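> give the three-dimensional model of this entry:
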Amino acid sequence: MRGYRDRLLGGPPVPPDGQGFAGLPSDFRDSAEQFCFFCEGLGLAIAAGLVPENFIISLMGTQIVEVWLVIEPCIMDERDYRARKSGDCVPSEFLPHYEHLVARILELGGRDAGVNIRRELGVRRLPRRIGIPTAISAHPQSDALHATSVQSQAGPQPS
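Predicted structure coming up:
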């Protein structure tokens, strides 16, 4: 997903032209379809209650909204194209569950949605940076720190 997201965040190389996704250059269109249909599936799974929204929003909320902001004009162009092309008997909605997911992220705090969810879930944060493992092993107290860590993982030891 990262490659698709990165390609999309560069923005569409051409503005929407009334042809929907078909009017986009193929590399951009391929990335848009892969990322957007993935988010559509996530949004459907959330709307149907199959996956807790907090899980997805906490994990990917930033990426989901970042891409939506870039690709939204193309999505709206695709909706207009489908409405014109399909007639009255074919649904013209396009990516409604992705849109639902973005709406929920905004309702849950927008840029702070993930932070709010993690706070609500009680996700713990370190009070400060602890450094990399080599920095710990070079520290004079690293043996005691390692022993404490191993002991806490193993539980209380008999005396």
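> can I get the CA coordinates of the helix or strand where R119 lies in CSV?
Assigning secondary structure by DSSP states H and E places R119 in helix 113-121. In CSV, the C-alpha atoms belonging to helix 113-121 read as follows (Å, rounded to 0.1, in the frame of the first residue of the first chain):
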residue,chain,number,x,y,z
ALA,A,113,-8.7,10.8,15.8
GLY,A,114,-5.9,8.2,16.2
VAL,A,115,-4.5,9.9,19.3
ASN,A,116,-8.0,10.1,20.8
ILE,A,117,-8.6,6.4,20.1
ARG,A,118,-5.3,5.3,21.5
ARG,A,119,-6.0,7.4,24.6
GLU,A,120,-9.4,5.8,25.0
LEU,A,121,-8.0,2.3,24.6
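> buried residues, that helix. List them.
Residues A113, G114, I117 are the ones in helix 113-121 that count as buried (16 or more other CB atoms under 10 Å). Every C-beta, even on glycine, is put in place using the N, C-alpha and C of the backbone.
> quick one: average pLDDT of it?
The pLDDT scores in helix 113-121 average 92.
> show me what that helix is packed against.
If contacts are counted by 3 or more CB pairs under 8 Å, 6 or more residues apart in numbering; DSSP states H and E, helix 113-121 sits against helix 53-86.
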